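S.K.: can't give you the sequence, but here's the structure:
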């Protein structure tokens, strides 16, 4: 029989406690190598849509917030288009990158993204997904980056139609994916363990 | 860059037995930071297939030269001068062109330029420890640095990290995002490192060990190590059952 000849993906290793040096060096106090930390600004001009702040903390199994984590988000623009060469449905807002990267604060553990509320993006079968942001979390003690999704609690109608949320068997866990609104700020806390463990995705 | 249209196929599922599991008690920090519940699986949607892209014009001249990019004029970092080079490819063996690769490391004495690193080895005033490159049309990247030193860390009483360089790779879609570490051929610390040993398969560990590459060394200047990185492969879209516009 012929071999299939696939390679194996390089195995993941933890980002470690000093991930900031490589990914957000200015935050780590390393000035002058890059002009600005990559992913710091998602809005680069007069971006269309509703400007929002997304913030929260990442809690370990003891309830202690992680002060050394790094988060990245990737999302569609206000019209539901991605700023990516893969996007074939139209051209995304040039004033919005769709990708952000932020460390958690070294004292409080709070992360903060300034972004826009995403539009709805179709599922492969054509149904519309609810507005959501894809989030990726790395830190010391996390062996492979964790993927989750930020949905919005004030989008109840869209959330009820979302094909991914529909796939969650234990509906009692769905609130772990809902960002809570207060003014223009959505709070999304992540629980790595415990009764409120956030839903993570293998995708 | 090739002028082929970007691929839009979904990524192959990750082999989670090849990657380290979340809970690895030998690496103590993982105990309270490892999710306990089953992850929910789904075939990638557009948000996972797409991802950010970065242009070569973003890079500064010294971004891939850690010997010089933090050094005072006329000075350079202390340590064994090395070139690290390799190819970013996917599981089909295709080069991943134009993707951002970031790297960070300790200095030659095993000390990081980070306020939380209190190891007694000194900082090198001419070494910052970060760099980045974007792969060429065939997926290749390279950078120059000094070989990082091993260092002790609080886990067991006397645990030491092997010399290593951290890597962050984007790929073409956000679901290919990967952070890993490169080790050096022949380092006896590899076999006894609790972080290396979060990976259960010896062949998978071997995939992170860079061999000495004398052919790409620069005589009387720098030795080279080769480190290829493999990202998830993706399906052909030829017979995908997708609605127009996806």
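M.R.: Cool, got the structure. None of the values given here were measured: they were computed from a predicted structure.
S.K.: Low-confidence regions, chain B specifically.
M.R.: B:1-4, B:238-246 (pLDDT under 70).
S.K.: Regarding it, what is its longest strand?
M.R.: strand B:81-90 (DSSP state E).
S.K.: What helices and strands are in contact with the following helix or strand past it?
M.R.: Of the helices and strands lying after strand B:81-90 in sequence (DSSP states H and E), the nearest is strand B:100-104. Strand B:100-104 is packed against helix A:19-23, strand B:130-134, strand B:140-146, strand B:164-169, with contacts defined by 3 or more C-beta pairs under 8 Å, 6 or more residues apart in numbering or on different chains; DSSP states H and E. Any C-beta I mention is one placed from the backbone N, CA and C, and that applies to glycine too.
S.K.: Please repeat the previous calculation with a cut-off of 7 Å.
M.R.: Here strand B:100-104 touches helix A:19-23, strand B:130-134, strand B:164-169, going by 3 or more C-beta pairs under 7 Å, 6 or more residues apart in numbering or on different chains; DSSP states H and E.
S.K.: just the helices in chain A please.
M.R.: Ranges of helices within chain A are A:19-23, A:156-161, A:163-167, based on DSSP state H.
S.K.: Nearest to chain B, out of those?
M.R.: helix A:19-23 (2.9 Å; C-beta to the nearest C-beta).
S.K.: Any chance you could list what contacts that closest one?
M.R.: Contacts with helix A:19-23, where a contact means C-beta atoms under 7 Å, 6 or more residues apart in numbering or on different chains, come from A:27-28, A:30, A:70, A:101, A:103, A:138, B:102-104, B:112-114, B:129-130, B:166, B:168.
S.K.: swap the cut-off to 8 Å and go again
M.R.: A:15, A:27-28, A:30, A:37-38, A:68, A:70, A:101, A:103, A:138-140, B:102-104, B:112-114, B:128-130, B:166, B:168, B:179 (C-beta atoms under 8 Å, 6 or more residues apart in numbering or on different chains).
S.K.: Residue A:171 and residue A:198: what is the separation?
M.R.: 15 Å (C-beta to C-beta, to the nearest Å).
S.K.: ugh, wrong one, I meant residue A:6
M.R.: Between residue A:6 and residue A:198 the distance is 32 Å, computed by C-beta to C-beta.
S.K.: Compare the two and say which one has the larger neighbour count.
M.R.: It is residue A:198, of residue A:6 and residue A:198, that has more neighbours when counted by other C-beta atoms under 10 Å in any protein chain shown, with 23 against 13.
S.K.: Can you give me every residue that contacts the residue nearest to residue A:150 when sequence neighbours are not counted?
M.R.: The shortest distance from residue A:150 to any non-neighbouring residue, by C-beta to C-beta, 6 or more residues apart in numbering or on different chains, is to residue A:133 (4.2 Å). Residues counted as contacts of residue A:133 (C-beta under 8 Å, 6+ apart) are A:54, A:73-75, A:115, A:118, A:149-150.
S.K.: rerun at 7 Å
M.R.: Residues counted as contacts of residue A:133 (C-beta under 7 Å, 6+ apart) are A:73, A:75, A:118, A:149-150.
S.K.: what's the burial count for residue A:61?
M.R.: Residue A:61, neighbours per other C-beta under 10 Å, totals 16.
S.K.: What is the neighbour count of the residue nearest to it when sequence neighbours are not counted?
M.R.: In space, and not counting its chain neighbours, residue A:61 is closest to residue A:193: 3.5 Å by C-beta to C-beta, 6+ apart. Using other C-beta under 10 Å, the number of residues around residue A:193 comes to 21.
S.K.: wouldn't residue A:193 be in contact with residue B:36 here?
M.R.: Yes - at 5.6 Å, residue A:193 counts as touching residue B:36 under the criterion of C-beta atoms under 7 Å.
S.K.: can you tell me how far the most centrally placed residue in chain A sits from chain B?
M.R.: Of all residues in chain A, the one closest to the mean position by C-alpha atoms, centre = their mean is residue A:135, 1.8 Å from it. Distance of residue A:135 to chain B, computed by C-beta to the nearest C-beta, to the nearest Å: 10 Å.
S.K.: Can you give me every residue that contacts that residue?
M.R.: Taking C-beta under 7 Å, 6+ apart, one finds A:71, A:73, A:148-150 in contact with residue A:135.
S.K.: Good, we can wrap up now.
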